[in-house]
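# A structural model of the following input is requested.
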Amino acid sequence: MFNPNTEVQAFRINLKREKGNKIQVAPAMNILAWQEEGICFAHCLELDIVAEGKTMPETFKALSELIISQIEFAETNRMEIFHPAPSEYWQKLFEIHSNKVKQHLLDNPPKSSRELLKGLDAVHA
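Below is the predicted model of the structure:
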């Protein structure tokens, strides 16, 4: 688990992979990313897979490759693909999203419920 004082960012990624002549899109995956002691980490919460690297782009590339390998392994062996990360990681994701929504509402106070819903959709896009 990352240090509680570490700044953690949340991302959603969709991976594409070629299978024969077809391009398949994997389901969207939730990623937590952070840096500690000069090492970058990225954790895919749906699969509970972590990659590390010297830079965030390098780390995301490594994580993408791990995710695709895990999906292909699970498909080949007819195994369950999803193995969720422990609840504290999901809680951190929820906290990040919650803070993002709060900040958006503070920066853009809605004048109506319709405007509120439209603004919340924009936050989650």
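# Could you confirm residue 75 falls within a helix?
Yes: applying DSSP: H, G, I helix; E, B strand; the rest coil, one finds residue 75 inside a helix.
# from here on, count from 234
Sure, I'll start numbering at 234, so the last one becomes residue 308.
# What count of nearby residues applies to it?
11 (other Cβ atoms under 10 Å). Where C-beta positions appear, they are placed from N, C-alpha and C, glycine not excepted.
# and it, what is it in contact with?
residue 314 (Cβ atoms under 8 Å, 6 or more residues apart in numbering).
# How about the one 3 residues further on?
Applying Cβ under 8 Å, 6+ apart to residue 311 gives no contacts.
# helix/strand/coil for it?
From three-state DSSP, the assignment for residue 311 is coil.
# so what are the domain limits for the chain?
234-318, 328-358 (automatic domain parsing).
# Out of those domains, which gets the lowest mean score?
Mean pLDDT is lowest for domain 328-358 among the domains of the chain, at a mean of 77.
# from the domains of the chain, which stretch is densest packed?
domain 234-318 (a mean of 14; mean count of other Cβ atoms under 10 Å).
# Show me the helices in this structure, by range?
In the chain, the segments counted as helices under DSSP state H are 289-309, 320-340, 346-357.
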